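[1] Quick one, what's the 3D model for this:
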Amino acid sequence: MDKKIHEGRNVKRFREMMGIKQEALAFDLGEDWNQKKISLLEQKETIDTTLLQQIATVLKIPVEAFQNFDEEQAVNVIANTYSFQDFKDNAVASGFNYQPSFNPIDKMIELYERMLQQQKEMIEKLERLIKER
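    Numbering: from 1, shown residues only. Model prediction:
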């Protein structure tokens, strides 16, 4: 059974992981956007590719993340790849030696690192704004 990816839900998921509110995303997308439109957008199963690219640019996430991420699939890959004993052994023996060998997890790590960098940049911007006042 081929499961359909819910792009709107993925936009919401990544936006929330990055700590970005709907209002902030709407502001970054331009004057035609508001919180209500973002809320409606996040309910759509498929999103126009051009719009998805704009959102990807604003969030600094590859557009493929919205088009391909399936939470259930990611959880299944992790569950089928690692047992609880693997996690326990690694945590005890090496402070959690995490060495992914497959692409989806590598991409998630890249995304997480980008999210941390973006959060750092946002904090720096806010600090500059506060100093200017």
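[2] lowest confidence element among the helices and strands of this protein?
    When the helices and strands of the chain are scored by mean pLDDT, DSSP states H and E, helix 84-94 comes last with a mean of 47.
[3] So what's the gap between the following helix or strand past it and the chain middle?
    Sequence-wise, the next helix or strand downstream of helix 84-94 (DSSP states H and E) is helix 103-132. How far helix 103-132 lies from its chain's middle: 11 Å, per C-alpha atoms, centre = their mean, to the nearest Å.
[4] now for helix 103-132, which elements pack on it?
    helix 71-81 (3 or more C-beta pairs under 8 Å, 6 or more residues apart in numbering; DSSP states H and E). C-beta coordinates here come from the backbone N, C-alpha and C atoms, glycine included.
[5] State the mean pLDDT of the helix it packs on.
    Throughout helix 71-81, pLDDT has a mean value of 56.
[6] All further residue positions should be reported with the first residue as 832.
    With the count now opening at 832, the last piece we talked about shows up as helix 902-912.
[7] give me the number of residues near the closest residue to N865 other than its chain neighbours?
    Leaving aside its chain neighbours, N865 sits nearest to A857 (5.1 Å; criterion: C-beta to C-beta, 6 or more residues apart in numbering). Look at A857: counted by other C-beta atoms under 10 Å, it has 20 neighbours.
[8] which ones are touching A857?
    A857 sits next to W864, N865, Q866, K868, I869 when contact means C-beta atoms under 8 Å, 6 or more residues apart in numbering.
[9] Please check the residues you listed and keep the buried ones.
    W864, I869 (16 or more other C-beta atoms under 10 Å).
[10] Greatest separation within the contacts of A857: which pair is it?
    With distances taken as C-beta to C-beta, the most widely separated pair in the contacts of A857 is W864 and Q866, at 8.5 Å.
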